[in-house]
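Visitor: pasting the structure only:
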């Protein structure tokens, strides 16, 4: 990997972006595989249970609305998601993203920070001052204790098996 100008001076440089506990899985074929621990190069989909109020819940049952929100991520955000397991600094994540996507992600620092900020605003990512070190599970296919999700339909072709070298 080559050096990335300004990465050491970025405000997030030494922080550790980390997924929050949420159910997610991989889907589809490998797009770009950097050959790194915990990164498959496949697309990622995140499942979030919907929270209804009393009246909203009644209407949702009446119209048979879905009980969950599925957020499929594009190729770049999927790679970012897999890289942000709480073990890599923002600088390391940006170096990998720049190496894999090159000019497609330029300017990498700004675009990576913006993507992480968007995921933070949806309570899907945090920035830690130190590595996660297993304080909570960030692996695929795990429904957090505070959420209630049914098993996904087999027709969705989700793969939530952990990679051999992936953090739990």
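Guide: Noted; the coordinates are in hand. Because the structure is a prediction, the values reported are computed rather than measured. Numbers count the residues shown, from 1 in each chain.
Visitor: avg pLDDT for the lengthiest strand in the chain?
Guide: Assignment by DSSP state E gives strand 43-49 as the longest strand of the chain. Averaged over strand 43-49, pLDDT sits at 90.
Visitor: and the next element down the chain from the helix or strand bottoming out on mean pLDDT in the chain?
Guide: Using mean pLDDT, DSSP states H and E, helix 54-63 stands out as the lowest-scoring helix or strand of the chain, at a mean of 71. Using DSSP states H and E, the next helix or strand after helix 54-63 towards the C-terminus is strand 68-72.
Visitor: Between strand 43-49 and that next one, find me the angle.
Guide: 160 degrees (axes from the mean of the first three to the mean of the last three CA atoms, to 10 degrees).
Visitor: neighbouring strands for strand 68-72, and are they parallel or not?
Guide: With DSSP bridges as the test, strand 68-72 is paired with strand 43-49 (antiparallel).
Visitor: hmm, back to that, now do the least confident helix or strand of the chain: distance to the chain's middle.
Guide: Put simply, helix 54-63 sits 30 Å off its chain's centre (CA atoms, centre = their mean, to the nearest Å).
Visitor: for stretch 120-133, same thing?
Guide: 11 Å.
Visitor: hey, where'd the strands end up in the chain?
Guide: Here the chain has its strands, by DSSP E, at 16-19, 23-27, 43-49, 68-72, 125-128.
Visitor: Among those, which comes closest to residue 164?
Guide: Closest to residue 164 of the strands of the chain, according to CB to CB: strand 23-27, at 13.8 Å. All C-beta spots, glycine's among them, are computed from the backbone N, C-alpha and C.
Visitor: All set, thanks.
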